[in-house]
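# Got a sequence here, can you model it:
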Amino acid sequence: STANEPDVDSTPGNDEPTEDDQDDASVSATAVLVTANIGDFVWLDRDRDGRQDAGEPGIAGARVTLTDVATGAQTQATTDSTGRYLFVSLNPGNYRVVVDTRSVANNLGLTTTGTYNVNLQGGVDFLDADFGFAEMLPRTGMDADAFGGLGIVSVIVGAFLLLTTRRRERRSYLV
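Predicted structure coming up:
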């Protein structure tokens, strides 16, 4: 094709590939995947209702893991000082988002789900992978399983003593 303005330093149609004298140009299109983001918020659920309410602060330093279900590839994020996190530029696909409950204070427990399964569409962000935590009763250090075992042993010993005592009483009655 020809240009509509004069080019004083070139000779059209001479097929010389010099910097100032280009006769042919080509452009190729490349398909681009439209990416999206997953994320949002880990917060202190003061009223333990599983919903983010005004005035409930974010939790800094919580670890969140994103797993690409198809490949098994994992990426981690840590919440910032406001409790926010974000996984960016993700290709469409299926993802699992999990909060690491060990990364928050020991006295906090989940008030929401701990896992989200997300079918991410290209160009559509999923910003509802939010995790709420509330204060729980402190652990006393006593193991209920150990007390259960102790209870069973106590019942067995008690039954043995009861039977032994009754046999002695019956023998003394017979004599």
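# show me where this protein has helices.
For the chain, the helices defined by DSSP state H occupy 144-174.
# pLDDT of the top strand by length along the chain, averaged?
When the chain is scanned for its longest strand (criterion: DSSP state E), the result is strand 36-44. Mean pLDDT, computed over strand 36-44, is 97.
# What helices and strands are in contact with that strand?
Identification of packing neighbours for strand 36-44 by 3 or more Cβ pairs under 8 Å, 6 or more residues apart in numbering; DSSP states H and E yields strand 63-68, strand 84-90, strand 93-99, strand 115-120, strand 131-135. Heads up, the C-betas are built off the backbone N, CA and C, glycines and all.
# What helices and strands are in contact with the last one?
It stands for strand 131-135. strand 36-44, strand 108-110.
# Out of the ones you listed, which one sits most buried?
strand 36-44 (a mean of 22; mean count of other Cβ atoms under 10 Å).
# export it as CSV, just CAs?
This file holds the C-alpha atoms of strand 36-44, laid out as CSV (Å, rounded to 0.1, in the frame of the first residue of the first chain):
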residue,chain,number,x,y,z
ALA,A,36,-8.9,-12.3,37.4
ASN,A,37,-8.2,-12.0,41.1
ILE,A,38,-9.3,-14.0,44.2
GLY,A,39,-9.1,-12.7,47.7
ASP,A,40,-10.2,-10.2,50.2
PHE,A,41,-10.4,-10.2,54.0
VAL,A,42,-9.6,-12.1,57.3
TRP,A,43,-11.3,-10.4,60.3
LEU,A,44,-12.1,-10.6,64.0
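# Okay, and the beta partners of residue 36?
Going by DSSP bridges, residue 36 is paired in beta bridges with residue 90.
# Surely it is in contact with residue 121?
Yes: using Cβ atoms under 8 Å, residue 36 is in contact with residue 121, at 6.8 Å.
# Now do the shared contacts for the two.
Counting by Cβ atoms under 8 Å, 6 or more residues apart in numbering, the common neighbours of residue 36 and residue 121 are residue 92.
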